[in-house]
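**Student:** need a structure here:
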Amino acid sequence: MIIKFLGKNFYISFSIVALIYFLDRLSKIYVIQLDKNNLGSDIFNSAYLNIVLIWNKGIAFGLLSFGESYLYNILSLIIAIIIIVLVIMSLKSQGFKRYSLLTIVGGALGNLHDRFFFNAVPDFIDFHIGNFHWFIFNVSDIFITLGVISMIVLELFDNKNEKTYQ
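**Tutor:** Numbering: from 1, shown residues only. As a prediction, this is how the structure comes out:
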């Protein structure tokens, strides 16, 4: 029974989550080390991209930042519960939907790791055009965003297909 459960799909799914988590950890460790070596958070500047380390205590793009530690801990617990729900959903899903959920899980695990070990998430990718700066984000945020966009597109196409069959 366990061997059947730990089949090809499990290993592929685990590999996707592990790869995303590893890429995120590697990028964050590298940027944190650069920050320590440069003695400052301004690591790289160009016309459209800056690499600047900031510590985000909120959720996506710095939203819901709390100064109170108990609110931060509650938010981290809610995120952990959401990750568990997403894992369960991915186990019940197939195809592209499963992989979309797994990209969200991989990214969320990377950020959750930072919440537990640093009490903040290191964000460092700053795209900008002139003085207009987008939110500063990290590799995990990229995968979470790609997974969410994929889920939205899947829902739009599923709803369109259901309407054509009615």
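**Student:** what number of residues lie near Thr127?
**Tutor:** That one is not Thr; residue 127 is Phe. Phe127: 13 surrounding residues under other Cβ atoms under 10 Å. For the C-beta atoms, the positions are set from N, CA and C on the backbone; glycine is no exception.
**Student:** same check on Val153?
**Tutor:** Count around Val153 with other Cβ under 10 Å applied: 12.
**Student:** where's it relative to Val17, distance?
**Tutor:** According to Cβ to Cβ, to the nearest Å, Val153 and Val17 sit 21 Å apart.
**Student:** before we move on, what about Lys97?
**Tutor:** 15 Å.
**Student:** the more surrounded of those two?
**Tutor:** Legend: neighbour count by other Cβ under 10 Å for Lys97 and Val17, higher for Val17 (22 against 17).
**Student:** show me what contacts that one?
**Tutor:** Val17 makes contacts with Leu102, Val105, Gly106, Leu109, as judged by Cβ atoms under 8 Å, 6 or more residues apart in numbering.
**Student:** so which of those are in helices?
**Tutor:** Members of the contacts of Val17 lying in helices (criterion: DSSP state H): Leu102, Val105, Gly106, Leu109.
**Student:** Asp158: which of those residues is nearest?
**Tutor:** Nearest to Asp158 among the ones in helices among the contacts of Val17 is Leu102, at 18.4 Å by Cβ to Cβ.
**Student:** pLDDT at that closest one, what is it?
**Tutor:** Leu102 is assigned 97 on the pLDDT scale.
**Student:** how deep is it tucked in, by neighbour count?
**Tutor:** 25.
**Student:** how about it: what's its closest non-neighbour residue?
**Tutor:** Spatial nearest neighbour of Leu102, chain neighbours left out: Ile16 (4.8 Å); criterion: Cβ to Cβ, 6 or more residues apart in numbering.
**Student:** ok, Ser150 next?
**Tutor:** Nearest to Ser150 is Ser100, by Cβ to Cβ, 6+ apart, at 3.8 Å.
**Student:** and the one you found, that one's in a helix?
**Tutor:** Yes: remark: Ser100 belongs to a helix, assigned using DSSP: H, G, I helix; E, B strand; the rest coil.
**Student:** may I see the buried residues of stretch 114-121?
**Tutor:** Asp114, Arg115, Val121 (16 or more other Cβ atoms under 10 Å).
**Student:** for the lengthiest helix in the chain, give the mean pLDDT please.
**Tutor:** Across the chain, the longest stretch assigned as helix under DSSP H is helix 8-38. pLDDT averaged over helix 8-38 equals 93, rounded to a whole number.
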